[in-house]
Structures are given as C-alpha cells and as structure tokens.
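Participant: Output the structure for:
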Amino acid sequence: MSSQTQKALILNKKQGDFVISTVPVPKPGKDEVLVKIVSSALNPVDWKIQKYGWWVEEYPSYLWNRHRWRSCRARRECLEICRWGPSGSYGQNEQNGFQQFAIADAHTTAKIPPNVSSDEASTIPVAFTAAYVGLYNVKPHGMGFDTPVHTGARGKYKDTPIVILGGASSLGQYAIQLAALSGFSPIITTASLKHEEYLKSLGATVVLDRHVPPSKESFQQFSEKPIETVLDAISSAQTHEDSLRIIGYAGERAEKQGTGAYHVLGLKTLPFHVQILREFWDSRNRTSGEWQHQEVLPNGLEGIPEGLERLYENKVSGVKLVARPQESGLNTFASWLSVYVHKYLHDVT
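Facilitator: You can find the predicted model right below:
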C-alpha cells in the first residue's frame, strides 16, 4: 500500500456486508486538515445504516462516527485534534470515520488535553455535543440553560431537579456530568442497576431501574420541587412515552432523535451549534471530566463489524466500543505479545 492509498471499511451497497478495501487517501482543501485516524468510537447509528439502509444514498460508503485524530498534514499548524461533530452529511467519504485517514474542517477541531488518551478522546464528540447543546443551546435548539463555561454559571441550578433517561448510554453519561456541573439536584437517571455506583460517581443522585415501568410519582418522590426537565438519551418510542409520563405532559424535554419539545442534533454543520460549541472547546473545561469507559476492539478496522453486531444485539452496556484503524490483526497481536513479555519479565525479576 503506497502513501497515496489507505485501508477503509466500506459498504458497497445499501444493506450490504462490510468489506476492507484499499482506497485513495483524500486531499485537504482550503481550511481543511488531513488527519490520521488513531481511534474511532462506534455508534449505534452505524449498524442501523447497514441493517436498515437509513440515511446513506451514495455508495460505496465508509460511514461516519466519532474520531480522535493526530494531524499529519494541514494548511495551518499541526495539532493533536478532536473533532467535536460527525461528518457534514451522511455519505461524505472523505470525512467519514472507518478509514485510516480523513479530511476535517480546521475550524471544527480542538486540541486534545495531555491528560486525555486517544481512545478516551474518540468517545467524546458526538454524544458530548448532543448532551451539551441539548442542555445549553438556546431554544428551540436546546433547553436554554446557562452554560457552565460562563462566569458564575457553575452550580447555578442548585435545587432544580432533572431526569436523564438512559444514564449509562454515551449521551447519558455526559449529560449527568454536565448537569452536576450546573448544579442540578436531584439528578435522577434510569439505567441497569449494575451501573448505579459508577453513575453516582459521575454525579447522579438517584439511579432507578430502567426495566421498571416509570410513573410520575416514582420520580417525583425524590424531589421537593416539581420535575419539569427530562433529557431522553435513548429516544425510543418507549422512552418518549416515559418522559411525557414523568412530567405529566408538561415541562421541557430534549432528545437525540424523534418527536419531542426540542429535537437535538449533534452535528457540526448546524450553524446554531457552532458558536456555543466553539465557546466550550476554547475554554479550559474540556481538561476535566470522566470520559466514558472504553473497550478497544481487536484487529483495527477488521474488528468493527463484530462490534457493530454486538451493538445490534444489545450486548454492550456502559462502555463505548473503540477501534484503532491503524492496527491490523498482526500488529494487534504484536502489541499484546509485547505487553505480555514485558509483564513476564517484570514478574520473574
């Protein structure tokens, strides 16, 4: 493979099978950077595109996801960067994620703090963006709460209750931390109870079993004030009904997708998101926080289809699956062997 080509995981046709192909390395244009994709996190939408044929109309497609990149060529200073939104639109292969190199818009990248690993950074952009704009962007693009990057806004919503449905999801974990930063209390979330301790460490006050049908009373008992805000991090037909039931068909509700008071899309191309996100990434707030737990898939791009199948079968809970496109089955084994030998030598000495 020459420096002008790369490996990519592609769909050749709608609802087809994933295949590894050799494709051209894209070339950056004005105000763009060519980036080496070090870590890519998988999203549920990726398997839905393959299984159901949603959204993508142009094939072959490399799909999209969230990435952590190390810049390798740019029209400006080379940086370690993290893109805070997915590609401009479905099917733009040069910007999509299941490949070894991609194009990014220079103005929608941010430096990765030194205390954040490649795999951690890959879990941030899409889910965090949806949680952040859902809570803090102006209505109707979000709930309109004051962002904690503003002076005096941290802790501003003390004693204001909030419900976050799906607290163990990617979006839910970031929403809990942001709500805690803003002072919301109590923060009531739903999840499998095996995640209770972890979600409370993120800032949740109460974790309710997601398998138990909710009622307004079952949530309201934890708050002296009426619950008027629900963020639905799952956005299924069931959680839609649950959220309306919790607030008694009144109040505010934000969700990733579907019908609701505020329909939040974590896309970089939406102009009403750009300023509020740029304000956050330019602040120092991104240097702290608990990044979502990750599980690194073996074999680089080749390991992605199995990971997507696990997401499809609902066998992933509380962690984000991450692939490393630069790795292959051979160098993944070599990395494992190196770690094993190092541990063995340490043990015997």
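Participant: what about Phe219, which helix or strand?
Facilitator: Using DSSP states H and E, Phe219 maps to helix 216-220.
Participant: scratch that, Glu309 is what I was asking about
Facilitator: Going by DSSP H and E, Glu309 is part of helix 304-312.
Participant: before we move on, what about Val56?
Facilitator: Here Val56 is assigned to no helix or strand, by DSSP H and E.
Participant: Enumerate every residue touching the closest residue to Thr160 other than its chain neighbours.
Facilitator: Spatially, and ignoring its direct neighbours in sequence, Thr160 is nearest to Phe184 (5.4 Å; C-beta to C-beta, 6 or more residues apart in numbering). No exception for glycine: its C-beta is placed from N, CA and C like everyone else's. Residues near Phe184 by C-beta atoms under 8 Å, 6 or more residues apart in numbering: 157-158, 160-162.
Participant: rewinding a little: show the subsequent helix or strand relative to the helix holding Phe219.
Facilitator: Remark: after helix 216-220, the chain's next helix or strand is strand 229-232, criterion DSSP H and E.
Participant: circling back: who's in contact with the helix holding Glu309?
Facilitator: Residues outside helix 304-312 that contact it (C-beta under 8 Å, 6+ apart) are 9, 17-18, 42, 44, 46-47, 50-51, 98, 297, 316, 321, 323.
Participant: Quick check: the farthest pair among these?
Facilitator: Asp17 and Val316 (20.8 Å; C-beta to C-beta).
Participant: Have a look at those two and say which one is more surrounded.
Facilitator: Val316 (16 against 9; other C-beta atoms under 10 Å).
Participant: Any figure for the gap between that one and Ile187?
Facilitator: Using C-beta to C-beta, to the nearest Å, Val316 is found at 24 Å from Ile187.
Participant: just to revisit the earlier point, the residue nearest to Thr160 bridge partners, please.
Facilitator: Lys158 (DSSP bridges).
Participant: Check the contacts of helix 304-312 for burial and list the buried ones.
Facilitator: By neighbour count, with 16 or more other C-beta atoms under 10 Å, the contacts of helix 304-312 hold 9, 18, 42, 46-47, 50, 98, 297, 316, 321, 323 as buried.
Participant: now those residues as a markdown table including distance to Pro226 and pLDDT?
Facilitator: Below are these laid out as a markdown table (distance: C-beta to C-beta, whole Å; pLDDT from 0 to 100):
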| residue | distance to Pro226 | pLDDT |
| --- | --- | --- |
| Leu9 | 48 | 92 |
| Phe18 | 48 | 91 |
| Leu42 | 38 | 88 |
| Asp46 | 39 | 84 |
| Trp47 | 39 | 86 |
| Gln50 | 43 | 86 |
| Phe98 | 45 | 89 |
| Leu297 | 44 | 95 |
| Val316 | 35 | 89 |
| Leu321 | 38 | 92 |
| Ala323 | 44 | 93 |
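Participant: Is it possible to get TSV of those residues that adds secondary structure and distance to Thr239?
Facilitator: Shown next, in TSV, are the buried ones among the contacts of helix 304-312 (DSSP: H, G, I helix; E, B strand; the rest coil; distance: C-beta to C-beta, whole Å):
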residue	secondary structure	distance to Thr239
Leu9	strand	30
Phe18	strand	29
Leu42	coil	21
Asp46	helix	21
Trp47	helix	19
Gln50	helix	24
Phe98	coil	28
Leu297	coil	28
Val316	coil	18
Leu321	strand	22
Ala323	strand	28
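Participant: In TSV: those, plus distance to Pro125.
Facilitator: Formatted as TSV, the buried ones among the contacts of helix 304-312 follow (distance: C-beta to C-beta, whole Å):
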residue	distance to Pro125
Leu9	19
Phe18	22
Leu42	13
Asp46	14
Trp47	19
Gln50	21
Phe98	15
Leu297	18
Val316	19
Leu321	15
Ala323	15
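Participant: with the residues you listed in mind, which one is nearest to Phe280?
Facilitator: Leu42 (24.0 Å).
Participant: Nearest spatial neighbour of the closest one, chain-adjacent residues omitted?
Facilitator: Closest to Leu42 by C-beta to C-beta, 6+ apart is Leu321, at 4.4 Å.
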